[in-house]
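# give the three-dimensional model of this entry:
(chains A, B and C, ligands or ions: 2)
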Amino acid sequence: MLSRKLRLVNLQILKLALVGLAIGAAVGIGLFTFVYAKGYSYMSNDAVACANCHIMNEQYAGWQKSSHRAVATCNDCHTPHDTIGKYATKASNGFWHSYYFTFNNFHEPIQISGKNLQVAEASCRHCHSELTASITAHRAGRDEEISCIRCHRSVGHMH
Amino acid sequence: LTNIFERKLEGKNPFFRVVELTDDTVDPEIWGKNFPLQYDGYKRTVDQVRTRYGGSEAVHKTPKDSDPRSIVAQSRLEEDPRLKAMWDGYAFAVDFREERGHAFMLDDQTFTERQDVVKQPGSCVNCHASAYGAYKKLGNGDIFKGFDALNKMPYFEARKEVSHPVSCIDCHDPLTMALRITRPAFMTGIKAFKASQGVKDFDVNRDATRQEMRSFVCGQCHVEYYFKGPEKTLTYPWQNGLKVENILAYYDEVKHKDWVHKRTGADVLKAQHPEFEMFSQGIHSRAGVACADCHMPYTREGAMKISDHHVRSPLLNINQSCQTCHKADENELKFRAEAIQTRTFEMRNLAMDALLDLINEIQKAKDVGRPDAELAAARDYQRKAQFYLDFVEAENSMGFHAPAEAVRILGESMNFTRMGLMALTGVQPTHTAKPAGNPATP
Amino acid sequence: LTNIFERKLEGKNPFFRVVELTDDTVDPEIWGKNFPLQYDGYKRTVDQVRTRYGGSEAVHKTPKDSDPRSIVAQSRLEEDPRLKAMWDGYAFAVDFREERGHAFMLDDQTFTERQDVVKQPGSCVNCHASAYGAYKKLGNGDIFKGFDALNKMPYFEARKEVSHPVSCIDCHDPLTMALRITRPAFMTGIKAFKASQGVKDFDVNRDATRQEMRSFVCGQCHVEYYFKGPEKTLTYPWQNGLKVENILAYYDEVKHKDWVHKRTGADVLKAQHPEFEMFSQGIHSRAGVACADCHMPYTREGAMKISDHHVRSPLLNINQSCQTCHKADENELKFRAEAIQTRTFEMRNLAMDALLDLINEIQKAKDVGRPDAELAAARDYQRKAQFYLDFVEAENSMGFHAPAEAVRILGESMNFTRMGLMALTGVQPTHTAKPAGNPATP
Ligand SMILES: [Ca+2]
Ligand SMILES: [Ca+2]
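Ligands and ions are numbered 1, 2, ... in the order given. Below you'll find the predicted structure:
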């Protein structure tokens, strides 16, 4: 099981590395960073792994004070709840985080991207579907999900 | 696979369909069989609790034949007799009370003494009853036709067509439980407003987002309105926009007046509960917060999270209404809300004193026989000052829904009374020019 | 790559103590050796960029002997000539410009044309220079004594005692780098204010929280002030509170006037940059946000977070200044701030027109020879209306620091002009009673 996961990871990295080569040296360095800066710690479920980058310190500190510190780690909210999606997301995020971290040209404060926001929103539903079924069920006609973080923005890490 | 499919279905129907609801099920008790928790909340709107500026107080009275109610809300006219001077000559100067929970809406309308002094039209019923069934019946399934028919009736005839306060069917599609707009006046009004914003052909039930709907269902009634033409068509004056100046401009364009002020002879207007319009100018609306977020917050009932159908002052339920978004303690949040309200209340008092000064002066000028031509400008300023003041006075959050906007409106009201006094004494304004090199307004 | 390596190192080495700083190190360049990042930001306060209502515009001018500056900020008197009428007879009617970055404070004060028309006192220097060294020198180590001495000097003599704009030593303890209040006027003022709130014997450097200090260091200068008595003691008029009515009440009590209005003969007041006072009435202050949070936001330099010492308009740096707390995009936040400002700006314009009407009428009455006794009440209303208006006009956020409060003040200003006109024409107010059954104000 574990080795299968690892293979998957390696595959993702390999794929990204290829893309990287095509784009140029910059990406190569990003990949190096991925290893050097313990980007592979992405593959662990340990929240400390994310805090490997000081850039993530704020969220880490916030998470330790949050209502979810004992019940959900970073990955519970920031990766999809199916295995393939999980590692694909991790690899892609891990790669890009390393890239941005090295080149230091990302928006600050860090903002969650649309795709990753969907992942986070879906994770709420994954754990709380039973409780919230009554409020998410009735949306025929206009097929819009209700946004959880509109009201519960600070559950993962106090902002 | 079937397994997952079944689970999905189940997830989407977390209730027992005890009875079949149709588009003709008006009685909320029947809906309550499927949704007992929501129905329980709905029934609790009979509670009367006062907050500093809202809620309502249960006042006992002796039932009479003409008014069988033994409990009403406190009289606003007694609390502030200046209101009678402002509304002199209009039914509101006779009876005007603090509004209370939804459960009372039909009775309070039927038995207000305003019914005794004026023959009210059927249009009144639109906002005080579960009218959807009546529309369908009177229009043979066409709610717009039914709406027209209802408006044209005398009040007490229309009254016979309805039997419940606002009910489930007025906000919900009985099959999907999705929110649905049932009020033709709102459909027309919001379409005109959206058109003024450059959105063409807005069909609210087709085009509104779910979050918008969580305010629009309330905007069906909590809005400024007038009865248009001899057909008494209930109309929301939004075609220039939702701000007080847009609405006044509209009334000026269509030359509408609600009544002639008894003391001054001015053609004046009464503003009525512009909650939706005022809220739309505030930061909460801008940040995407909806009426239901504060007035029907989610509440946990056992293993389910539902919308609290006990619609009421959020200050009676700060914990659920405010604290999910604001991480401050209850007292602090109450303090913040009341600080906004008190600032508004004090400005409202100043503006009302100012208005009475103007009314007084116009009346004196009229009494000494100054010709109408000399009074016209001052009377128009009275119309303006009064409508602006009433726009905040009649709005029921005492400024909370849009703090700076409410105070701005009151400030402008006082400026209009000032100009009215100047018009009477013949003083010409010195400047009306904007400063040079002004940044353009957005 | 080196980049990330460096970054890891940086995290562990907040700074190198290159030079020893003492309580007598005034020159910021020396401090900059230990704190190059903060010093870099500090130097960037020479930038001039305009926002819709703030920042500043670099305007070229020909240097003269009496004023060697080749670049100044735009003239506010040219932008809005009505200001000249408001300040008629006072130095501000001669030269008044948009304020710009800290780097310019000393030059702008030295060379303003206001120096040409009035002999200014040494007290001016307190807020336009690194004065801590001067206090110590003039007072032989006792800053209160030094402060007294400085105030009593003529301006150009005091000017010789200072050589830098506000500098590190004015806000920081050189040994610990902790924030520290160095201005006697603030120490006295905040103590009086805290006493009015029931806090006895407040010693700011002993009792203030760190978060308070992040606003108090700015409150040393960004406040309303006057020069008390023949000693010209710089004084903050806070003993009744920080709201405009508290401050006006204080001036009335001590019978202070800044000048006699040239056209009307009224004893009037000039309000000056009451940022700290206005901000204290707003929701940000209530929620514990400090000046430094918005005007010196934390910004990442490598692995370190430092306070951006490029003090400037937050609207030039929305992502660091606002987005840490508000999850909305830059344009949206800019829109929200500007919507508040535009509402304030429009009310300010109305209030200014209103004031000019009153000035005009008093002047006319004076010109036709009506006795002072008949003008006294109107003149007092002018004093009130003008101070209220100026309190918002002089406050530099165009209402942002406290949106509803700013608009409230402008509304009351218009009400005072109204009462002034009434006093002139002999109209008696109808009502001044508060409504019965009023909820008590908090
Ligand atoms: Ca009420
Ligand atoms: Ca400026």
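
# stretch B:377-385 near chain C anywhere?
No: shown here: stretch B:377-385 not in contact with chain C (CB under 8 Å from any CB of the partner chain), separated by at least 10.6 Å. Using the backbone N, CA and C atoms, a C-beta is placed for each residue, glycine as well.

# quick one: that stretch to chain centroid distance?
How far stretch B:377-385 lies from its chain's middle: 24 Å, per CA atoms, centre = their mean, to the nearest Å.

# residue B:125 reaches residue B:164, doesn't it?
No: the criterion here is CB atoms under 8 Å, and residue B:125 misses it with residue B:164 at 11.6 Å.

# of those two, who's got more company?
Legend: neighbour count by other CB atoms under 10 Å in any protein chain shown for residue B:125 and residue B:164, higher for residue B:125 (26 against 19).

# mind listing what that one touches?
By CB atoms under 8 Å, 6 or more residues apart in numbering or on different chains, the contact set of residue B:125 is B:109, B:131, B:134, B:150, B:155, B:158-159, B:161-162.

# go on, residue B:146?
B:134-140.

# pick out the residue of chain A closest to ligand 2.
residue A:108 (25.2 Å; CB to the ion).

# residues near that residue, how many?
Using other CB under 10 Å, residue A:108 has 15 neighbouring residues.

# what are the boundaries of the helices in the stretch 51-200 of chain B?
Here the stretch 51-200 of chain B has its helices, by DSSP state H, counting those that start in this stretch, at B:76-79, B:82-86, B:105-111, B:114-117, B:132-138, B:143-152, B:155-159, B:168-171, B:184-196.

# check chain A too.
Taking DSSP state H as the criterion, chain A carries its helices at A:2-23, A:25-36, A:47-50, A:57-64, A:74-78, A:83-103, A:114-136, A:149-152.

# then the stretch 251-400 of chain B?
In the stretch 251-400 of chain B, the helices defined using DSSP H, counting those that start in this stretch lie at B:275-279, B:283-286, B:291-295, B:318-321, B:330-367, B:372-393.

# let me know the pLDDT of residue 14.
No chain was given, so I picked chain A. Predicted confidence (pLDDT) for residue A:14: 47.

# please refer instead to chain B.
Looking at residue B:14, its pLDDT reads 51.

# same check, this time on residue B:65
As predicted, residue B:65 sits at a pLDDT of 90.

# ok, and the closest non-adjacent residue to residue B:30?
The shortest distance from residue B:30 to any non-neighbouring residue, by CB to CB, 6 or more residues apart in numbering or on different chains, is to residue B:19 (5.9 Å).

# can you tell me the element the one you found falls in?
Using DSSP states H and E, residue B:19 sits in no helix or strand.

# now do the contacts for it.
The neighbourhood of residue B:19, defined by CB under 8 Å, 6+ apart, consists of B:30, B:33-34.

# same check, this time on residue A:51
Applying CB under 8 Å, 6+ apart to residue A:51 gives the contacts A:57, A:60.

# quick one: it and chain B, what's the gap?
As defined by CB to the nearest CB, to the nearest Å, residue A:51 lies at a distance of 23 Å from chain B.

# how close does that residue sit to residue B:409?
Going from residue A:51 to residue B:409 by CB to CB, to the nearest Å gives 50 Å.

# and the residue of the stretch 101-250 of chain B nearest ligand 1?
Nearest residue of the stretch 101-250 of chain B to ligand 1 (CB to the ion) works out as residue B:101 at 8.3 Å.

# isn't that residue right up against residue B:48?
Yes: using CB under 8 Å, residue B:101 is in contact with residue B:48, at 7.1 Å.

# give me the common contacts of those two.
With contacts defined as CB under 8 Å, 6+ apart, the residues shared by residue B:101 and residue B:48 are residue B:56.

# could you check which of the two has the larger neighbour count?
Taking other CB under 10 Å, residue B:101 and residue B:48 do not tie; residue B:101 has more neighbours (23 against 20).

# and the pLDDT for residue B:134?
98.

# burial of it, as a residue count?
Using other CB under 10 Å, residue B:134 has 24 other residues around it.

# which one is it nearest to, not counting chain neighbours?
Excluding its sequence neighbours, the residue lying closest to residue B:134 (CB to CB, 6+ apart) is residue B:161, at 4.1 Å.

# who touches the one you found in this structure?
For residue B:161, the contacting residues are B:125, B:131, B:134, B:137-138, B:150, B:153, by CB under 8 Å, 6+ apart.

# how close does residue B:298 get to residue B:126?
Separation of residue B:298 from residue B:126 (CB to CB): 29 Å.

# between those two, who's got more neighbours?
residue B:126 (24 against 21).

# what sits against that one?
Listed by CB under 8 Å, 6+ apart, the contact partners of residue B:126 are B:147, B:150-151, B:183, B:185, B:221, B:234.

# any stretches of the chain with poor pLDDT?
Looking at chain A here, since you left the chain open. Residue ranges of chain A with pLDDT under 70: A:1-44, A:83, A:138-144, A:159.

# that was the other one, I meant chain B.
Scanning chain B with the threshold set as pLDDT under 70 gives B:1-16, B:431-442.

# surely residue B:24 touches residue B:134?
No: using CB under 8 Å, residue B:24 makes no contact with residue B:134, being 11.4 Å away.

# what about residue B:254, neighbour count?
Residue B:254, neighbours per other CB under 10 Å, totals 13.

# now do residue B:36
Neighbours of residue B:36 (other CB under 10 Å): 14.

# and if you look at residue B:396?
For residue B:396, the count of nearby residues is 17 (other CB under 10 Å).

# what does the one 3 residues further on give?
As a burial measure, the neighbour count of residue B:399 was computed by other CB under 10 Å and equals 27.

# that one touches residue B:340, doesn't it?
Yes: with contact taken as CB under 8 Å, residue B:399 and residue B:340 are classed as touching, separated by 5.6 Å.

# need the overlap of contacts for these two.
Joint contacts of residue B:399 and residue B:340 (CB under 8 Å, 6+ apart) are residue C:404.
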